[in-house]
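In: output the structure for:
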Amino acid sequence: VGRWGLRKTRDNIHKLRKKLSSSKRKKTAFMVGKSFMQATVNIIKGITKAVIAATKAAITAIKGTIAAIAAGGWVAMVIILIVVLVGLVVGSVYAIFIPTEDGGITIDSVKADLEREYHQKQSELMANCQYDILNYEGSLAGWREIIAVYAVKLNLGDKPQEVATFDEDKAEMLKAVFWDMNNITLRTEVKTTAVPRYETDEEGNLIETEEEVITIYLTIVTAHRSIDEITEVYGFSAQQKMMLDELLSEERTDMWTVLLDG
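Out: As a prediction, the model looks like this:
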């Protein structure tokens, strides 16, 4: 726009020079220059307003509340393009990386609930057991894998749903995936060992004897399914497996860090 204005101004000044006397050239050139400057300022203001309007429209589009787009013009085309691109992201598995609004149910709050449930389940299993020594074995599936499986299962399942928002139903789905991928069991071992024991007889002599001591070892075993195992359990299609690999690729590490660690 600026280059076009300069060219037009230059051509107009050139034409006016041929028609006007020397005394009028300076006044005309000044007036033309002033007019061009004012027009340029107006153009810049118009572009600025258009960009601001486009940005606001895009943000509104993300929240799903666009009322209307001005008919025609490059600004409308830009807005439409932005809305389309946003729609593609929001409707895909990558929407899992879109931050959820504070105050409602979030992935972080569901994670905290599941971790509490996990420890509560451990306590419940231990409550009816007698043991002398308690051990822990195994580990939970990684949150990255759990959430990725949830996103693919929900977004590309039999009844596809968007994963950009979170509610109680989706929270229950995430919990179901968590427990499908993780399992807690108990293992008990009883060991008998001979422990030396010393006593004195009637004459005061030290006598060594052995005493059998029974020790009960209780082990809480946490086992988790691998990605290959859970995709077989859920019967994932080739497309679902491909998208799962995409979500868990190294290129998404930074996105997972933001989502899980804030």
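In: okay, helices next: where are they in the stretch 151-262 of the chain?
Out: Remark: helices of the stretch 151-262 of the chain, listed N- to C-terminal, are 168-181, 227-234, 238-247, 253-261; assignment by DSSP state H, counting those that start in this stretch.
In: now do the shortest one, average pLDDT.
Out: Helix 227-234 comes out with an average pLDDT of 96.
In: what comes up buried for that helix?
Out: Within helix 227-234, the residues that qualify as buried are 227, 230, 231, counting by 16 or more other Cβ atoms under 10 Å. Where you see a C-beta, it was placed from the backbone N, CA and C, and this is true even at glycine.
In: excluding chain neighbours, what is closest to the first one?
Out: Read that as residue 227. Computed as Cβ to Cβ, 6 or more residues apart in numbering, the closest residue to residue 227 that is not its neighbour in sequence is residue 145, at 5.9 Å.
In: try the last one
Out: The shortest distance from residue 231 to any residue other than its chain neighbours is 5.7 Å, reached at residue 241 (Cβ to Cβ, 6+ apart).
In: how much space is there between the one you found and residue 149?
Out: Computed as Cβ to Cβ, to the nearest Å, the residue 241 to residue 149 distance reads 11 Å.
In: pull up the overlap in contacts between the two.
Out: Contact criterion Cβ atoms under 8 Å, 6 or more residues apart in numbering; residues shared by residue 241 and residue 149: residue 231.
In: the two - which one has more neighbours?
Out: Between residue 241 and residue 149, counting by other Cβ atoms under 10 Å, residue 149 is the more crowded of the two (27 against 14).
In: so which elements touch the helix or strand hosting the more buried one?
Out: Under DSSP states H and E, the secondary-structure element containing residue 149 is helix 143-155. On a contact count with 3 or more Cβ pairs under 8 Å, 6 or more residues apart in numbering; DSSP states H and E, helix 143-155 meets helix 168-181, helix 227-234, helix 238-247, helix 253-261.
In: for residue 99, find the nearest of those.
Out: helix 253-261 (8.2 Å; Cβ to Cβ).
In: dump that closest one to PDB, restricted to CA.
Out: Extracted in PDB, the C-alpha atoms of helix 253-261 (Å, rounded to 0.1, in the frame of the first residue of the first chain):
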ATOM      1  CA  THR A 253       8.600 -33.300  24.300                       C
ATOM      2  CA  ASP A 254       8.400 -29.600  24.900                       C
ATOM      3  CA  MET A 255       4.600 -29.700  24.500                       C
ATOM      4  CA  TRP A 256       4.300 -32.500  27.000                       C
ATOM      5  CA  THR A 257       6.600 -30.600  29.500                       C
ATOM      6  CA  VAL A 258       4.300 -27.600  29.300                       C
ATOM      7  CA  LEU A 259       1.200 -29.800  29.700                       C
ATOM      8  CA  LEU A 260       2.400 -31.900  32.600                       C
ATOM      9  CA  ASP A 261       4.800 -29.600  34.400                       C
END
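In: next SSE downstream of the helix or strand of the chain with the lowest mean pLDDT?
Out: Per-element confidence for the chain was summarised using mean pLDDT, DSSP states H and E. The lowest value among helices and strands belongs to helix 73-90, with a mean of 46. Past helix 73-90, heading to the C-terminal end, the next element that is a helix or strand (DSSP H and E) is helix 107-127.
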